[in-house]
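**Student:** Next one to model:
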Amino acid sequence: MYDKAEDLFIEFVKLKDGKHNLDFRVDGTFFESLGSTEVQNADVQILVEVDKNVNWMHVRLDISGSMTVDCHRCLVSLPMSITTKYLLIVKLDSQEEADTDHEDEGVELIYLRPHEFKLSISQPVYETSLLALPMIRNCDEMETKPCDEVMIQKLETLNSESTMDEVVDPRWEKLKQLKNL
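**Tutor:** From the prediction side, this is the model:
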């Protein structure tokens, strides 16, 4: 288990040309160390295939596992499954200075200087894992709903009160009349 972002790297100088398979696993402390406040717990496996050549590497990340996040509706902890893939194209022995995004979605082009001997995959794993979570995180798709019933009742009460107390500003009514002309 890799707890810190510094632990997630590939020492590519030790790899011969050809394909290599690596396996990493991260938990909630990995996401916490990179500043995530939304991931409470995680068990994420990263299968890495490195295809190394003299001047470049293709690093394929196959990320799968589960992450526990808050429900957007009632704030109960929800375990969410994730499955995603990501490709890093690494140019070795390059004089380029900056990391540059490739135009394709799910592909990143990275330039490494000649004195570098390892490649950190922490940031791509972190960002790709978070992006694999659904935009709306609730239990609508789950068979058994772990909703906090007290919170749901409170939301329904607040919603019904707000619709009953809604007073329309008379200026808006005048504008609606102008629109109908």
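
**Student:** going forward, measure contacts between C-alpha atoms and count neighbours the same way
**Tutor:** OK.

**Student:** Helix, strand, or coil at the residue most central in space within the chain?
**Tutor:** Centroid-nearest residue in the chain: Leu130, 1.2 Å away (criterion: Cα atoms, centre = their mean). Under the three-state scheme (DSSP: H, G, I helix; E, B strand; the rest coil), Leu130 adopts helix.

**Student:** so how far is Ser36 from it?
**Tutor:** Per Cα to Cα, to the nearest Å, Leu130 is found 9 Å from Ser36.

**Student:** swap in Trp56?
**Tutor:** The spacing between Trp56 and Ser36, counted by Cα to Cα, is 31 Å.

**Student:** Tell me where this structure has strands.
**Tutor:** Applying DSSP state E to the chain gives strands spanning 9-10, 18-27, 41-52, 56-70, 77-91, 100-101, 107-111, 119-120.

**Student:** Skip the chain neighbours and tell me the closest residue to Asn138.
**Tutor:** Cys71 (4.8 Å; Cα to Cα, 6 or more residues apart in numbering).

**Student:** dump the residue contacts of that neighbour.
**Tutor:** Ser77, Leu78, Arg137, Asn138, Cys139 (Cα atoms under 8 Å, 6 or more residues apart in numbering).

**Student:** how near is the residue nearest to the centre of the chain to Ser160?
**Tutor:** For Leu130, the distance to Ser160 - Cα to Cα - is 34 Å.

**Student:** Tyr86 too?
**Tutor:** Tyr86 sits 45 Å away from Ser160 when distances are taken as Cα to Cα.

**Student:** what about the two, which has more around it?
**Tutor:** More crowded of Tyr86 and Ser160, by other Cα atoms under 10 Å: Tyr86, with 18 against 11.

**Student:** I'd assumed Cys147 was in contact with Val76.
**Tutor:** Yes: taking contacts as Cα atoms under 8 Å, Val76 lies within contact range of Cys147: 6.3 Å.

**Student:** shaky segments in this protein?
**Tutor:** 1-6, 93-106, 140-146, 148-149, 152, 155, 161-167, 181 (pLDDT under 70).

**Student:** residues touching the closest residue to Val50 other than its chain neighbours, list them.
**Tutor:** Nearest residue to Val50, sequence neighbours excluded (Cα to Cα, 6+ apart): Val59, at 4.6 Å. Residues near Val59 by Cα under 8 Å, 6+ apart: Val48, Glu49, Val50, Asp51, Leu87, Leu88, Ile89, Val90.

**Student:** and of those residues, the nearest to Gly28?
**Tutor:** Proximity of these to Gly28 (Cα to Cα) peaks at Val48, which lies at 19.8 Å.

**Student:** isn't the closest one right next to Asp62, touching?
**Tutor:** Yes: assessed by Cα under 8 Å, Val48 is found in contact with Asp62 at 6.4 Å.
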